[in-house]
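Peer 1: just need the structure, nothing else, for what follows:
(2 chains)
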There are 2 protein chains.
Amino acid sequence: MTVHTASTAAPPAAPTPSPTAAVLAAHPRATTDADARKAAATDRSGYVPATIPDGVVVAQSVDDVVDLLRLAQAQHVPVVPRGAGTGLAAGASARAGEIVLDVSRMNRILAIDPVEMIAVVEPGVLNAEVNAAASQHGLFYAPDPASTAICSIGGNIATNAGGMWCAKYGVTRESVLGLAIVLADGRILRTGRKTIKGVTGYDLNALFIGSEGTLGVVVEATLRLRPKPVRTETLAAYFPNIEAAGRAASAITAARIQPSILELMDGPTLEAVDQAEGTGHRELGGAFLLAQTDGYGAHLELDEIAQAISPYATSVHRAADAAEAEALVKARRDAIPALEKLGRVSIGDIAVPRNRLAEAFAGLEDIASRTGVRIFSVAHAADGNLHPMLVVDPHEPITEGPAKAALGDMFHLAQRLGGTLTGEHGVGLLKREWVGEEIGETSRSLQQAIKDVIDPGGILNPGKAI
Amino acid sequence: MTVHTASTAAPPAAPTPSPTAAVLAAHPRATTDADARKAAATDRSGYVPATIPDGVVVAQSVDDVVDLLRLAQAQHVPVVPRGAGTGLAAGASARAGEIVLDVSRMNRILAIDPVEMIAVVEPGVLNAEVNAAASQHGLFYAPDPASTAICSIGGNIATNAGGMWCAKYGVTRESVLGLAIVLADGRILRTGRKTIKGVTGYDLNALFIGSEGTLGVVVEATLRLRPKPVRTETLAAYFPNIEAAGRAASAITAARIQPSILELMDGPTLEAVDQAEGTGHRELGGAFLLAQTDGYGAHLELDEIAQAISPYATSVHRAADAAEAEALVKARRDAIPALEKLGRVSIGDIAVPRNRLAEAFAGLEDIASRTGVRIFSVAHAADGNLHPMLVVDPHEPITEGPAKAALGDMFHLAQRLGGTLTGEHGVGLLKREWVGEEIGETSRSLQQAIKDVIDPGGILNPGKAI
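Peer 2: Numbers count the residues shown, from 1 in each chain, chains lettered A, B, ... in the order given. Have a look, this model is predicted:
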């Protein structure tokens, strides 16, 4: 072999890196560690992905986010934004060929203005951390998912999350005044404002809230805080069955009372909580209703609630003090962890008109007996938002077989009652096939057109939400 | 001249109808009556258009709206949607070459569901009519512009209108659950839902609310009604001057109290109201604060307000009964009509952080003395939303000269205080030149891209809002 021959022949081809590999190699915060990729592949929805993402970028700053999106855009690589990973619709699930953008380390509270009652935070801050900081100034942040201790503000914004207090104080959209968002092309968009009111231009703030990471990546949020109520009153009531409890909840709405919390749990859920926590709710009744009122006349308003539900209840217990009230609220917060001990949990999230709760519960019992899937039901009753929790064996999937059938039936039940597929958890991967049926073709095509104009390369969380 | 010659020569050209004439000729509800066109050329903003629109279509049905938009789309004719014509930003002004789509006769309340607390209405229904109908069921509709008796729900939605009760109950966006909209191409889009909660897909509902008729024409709205408060308490307080009143209002916010109404009026406005109504507010002080609380503990909450403002007030009067309370609220509602007797009124609408109200009032006094324009100020104080009312001679324009300069200065004052150009009236024509400065180029270009994708022909209310 001569030098001449070697120089004219093609050199042995270096393997061309895949587009994701090229992006990951170029980003200083990227990892391809298998455990990190596996941990970032799904959320708490029960969804088990067939593959795992190619890598994870753990952003520490806005620049890290901008850099990743610019690289991904150039290489046409899909990016899945991720907060605390506590989503319930597989909205943050990621697979082979995708890169996860983890913003959980961008977790500083940047400012709290106690006079103006606003907080400016990074997306990775946990919901409970915002409330702890606000609390020091006599304030609170209203959207409080059951997962408050572990879910992050960025994820709350991505799903327009609700919670117990939303009955009175509205969902995430009503508490987010402004956002800073990195768009797919790396530009930074500011939406909203720092004032309570403002109508300059289109409401891009509301458009991005609930868009499940498909339009941009939230890197900063200005949150509205509210004064802590001067007085809070709590009661728990027990009923022979969940239909009676549903009728009682509708009676509160019909009596024109606005509780700050109104939560329902059915008998099987009470049993699971009792088993996990050593409490004794189930022996007091076949369903449980938790009601809280707040404000200067909270005690008077709770009297009205007690009166409205008395025709249906077997017993009504008023909390004597804050500790007793907290124990009652805790029973509701314990529901999901208690069920997770029984198997793989998939949490439904339908919403129906508030006076049709009893019908919804009856329909769920019917679905359970028809599909053979165990369904445990809790509900934010004042909003008509039910969380029917499907529990299957740990090795059973939720995206096929009886669980899938039950999810589909739940959606059609909600639709028949004039309701919706998802009240506060989002569409994610899990509910996507029913979206078109709910919103219709005109809305679906318009949403797709908006997606295409904001993320023309389609790199942001493809296959989710719409 | 022979027959032969005549038949081969081009016949004398019939005048080609203009595109607007072609549309108007084809629509059964069209009129080209000069008075109708003149009446539809502007709103209550004080804006005087140089020309008037070519015609008006008075829609009686959804089909009328669809037909007009299809015809206009085919002929590339701009359409200006119009409700009651009470807008304050020239958002419904129309000029030569444009056709006005008047929906004020689509004014039926289609349904009220007192159990679910929703109303389904056509866009031309007046705000006060919704409240009158809701009232029969112990309910109310929260967004209550000062113009409640004359403004329509469609216009309220187009501007995301506010009002006095918004301090506690939120603006129009928080009370509109769903919409039916005719798009520029005649398709009908349904947004939102009938349930309180729901997060299926992007929040198109919020995108259309406040879009000032530039994205579609609202033909039906599902409104959220709320229980009328069981108890309402009202006080009026007087102050030596508006800065003191502004400090008092900020003290209420700082004391963590949530009034349902908190309205400020300055001395000149009180004088104008007294002149018009024969009342005697001005002799009691140089500024006026109206506060209302509601709910089971309204009396206790009002005690707290009285205490918070006492360091600033010269006198505090609690309303003894509903009639006295109504008289106090009426003083505030009378402000705009009273000023309209003094000249041409242009109503500003800036919003600032709630603790900067006193600075805003001081800045407005400075603008008045610098430009020589008389400025009368009222404010929804709990939201930080000020309405500085410019009064000029009836023959003076508001879009040039000192009035224009004062409007520009007001915007920059709001911006300097961390606020916004428009809290609840919208951008319309009048504030459009400052929008870019407020929202920045990224937001502006994204809003334009959304406009282009939803109304690709650009026929809907061109030149407004964005």
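Peer 1: for the helix or strand harbouring residue A:414, list every residue counted as buried.
Peer 2: If you go by DSSP states H and E, residue A:414 is part of helix A:401-416. Buried residues in helix A:401-416, counted by 16 or more other Cβ atoms under 10 Å in any protein chain shown: A:403, A:404, A:406, A:407, A:409, A:410, A:411, A:413, A:414, A:415. Glycine gets a C-beta too; all of them are placed from N, C-alpha and C.
Peer 1: now for the helix or strand just after that helix, which elements pack on it?
Peer 2: Scanning forward in sequence from helix A:401-416 by DSSP H and E, the next helix or strand is helix A:432-454. For helix A:432-454, the packing partners by 3 or more Cβ pairs under 8 Å, 6 or more residues apart in numbering or on different chains; DSSP states H and E come out as helix A:401-416, strand B:188-192, helix B:204-208, helix B:432-454.
Peer 1: turn the ones you listed into TSV, including mean pLDDT and distance to residue A:162.
Peer 2: Shown next, in TSV, are these (pLDDT from 0 to 100; distance: least, Cβ to Cβ, whole Å):
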stretch	mean pLDDT	distance to residue A:162
helix A:401-416	93	16
strand B:188-192	97	16
helix B:204-208	97	16
helix B:432-454	94	26
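Peer 1: so which of these is nearest residue A:348?
Peer 2: Among the helices and strands packed on helix A:432-454, helix A:401-416 comes nearest to residue A:348, with 5.0 Å by Cβ to Cβ.
Peer 1: other SSEs contacting the helix holding residue A:414?
Peer 2: Here helix A:401-416 touches helix A:357-371, strand A:385-392, helix A:432-454, going by 3+ Cβ pairs under 8 Å, 6+ apart.
Peer 1: run a quick neighbour tally on residue A:150.
Peer 2: If you count neighbours by other Cβ atoms under 10 Å in any protein chain shown, residue A:150 ends up with 15.
Peer 1: not counting sequence-adjacent ones, nearest residue to it?
Peer 2: residue A:86 (5.3 Å; Cβ to Cβ, 6 or more residues apart in numbering or on different chains).
Peer 1: residue contacts, that neighbour?
Peer 2: Residue A:86 makes contact with A:43, A:44, A:147, A:150, A:151, A:152, A:155 under the criterion Cβ atoms under 8 Å, 6 or more residues apart in numbering or on different chains.
Peer 1: show the pLDDT at the third one.
Peer 2: Which is residue A:147. Per-residue confidence (pLDDT) for residue A:147: 91.
Peer 1: C-alpha coordinates for the helix holding residue A:414, PDB please?
Peer 2: The C-alpha coordinates for helix A:401-416 follow below in PDB (Å, rounded to 0.1, in the frame of the first residue of the first chain):
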ATOM      1  CA  GLY A 401     -57.300  -4.200  28.000                       C
ATOM      2  CA  PRO A 402     -59.900  -3.600  30.700                       C
ATOM      3  CA  ALA A 403     -58.300  -0.400  32.100                       C
ATOM      4  CA  LYS A 404     -58.300   1.200  28.700                       C
ATOM      5  CA  ALA A 405     -61.900   0.200  28.100                       C
ATOM      6  CA  ALA A 406     -62.800   1.700  31.500                       C
ATOM      7  CA  LEU A 407     -61.100   5.000  30.700                       C
ATOM      8  CA  GLY A 408     -62.900   5.200  27.400                       C
ATOM      9  CA  ASP A 409     -66.200   4.500  29.100                       C
ATOM     10  CA  MET A 410     -65.500   7.200  31.700                       C
ATOM     11  CA  PHE A 411     -65.000   9.700  29.000                       C
ATOM     12  CA  HIS A 412     -68.300   8.800  27.300                       C
ATOM     13  CA  LEU A 413     -70.000   8.900  30.600                       C
ATOM     14  CA  ALA A 414     -68.800  12.500  31.100                       C
ATOM     15  CA  GLN A 415     -69.800  13.400  27.600                       C
ATOM     16  CA  ARG A 416     -73.300  12.000  28.100                       C
END
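Peer 1: could you give the bridge partners of residue A:294?
Peer 2: Using DSSP bridges, the beta-bridge partners of residue A:294 come out as residue A:232.
Peer 1: so it makes contact with residue A:234?
Peer 2: No. If you go by Cβ atoms under 8 Å, residue A:294 and residue A:234 don't touch, sitting 9.6 Å apart.
Peer 1: may I see the helices and strands packed on helix A:401-416 arranged in a markdown table, with distance to residue A:179 and mean neighbour count as well?
Peer 2: Output for the helices and strands packed on helix A:401-416, formatted as a markdown table (distance: least, Cβ to Cβ, whole Å; neighbours: other Cβ atoms under 10 Å in any protein chain shown):
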| stretch | distance to residue A:179 | mean neighbour count |
| --- | --- | --- |
| helix A:357-371 | 34 | 19 |
| strand A:385-392 | 24 | 26 |
| helix A:432-454 | 14 | 17 |
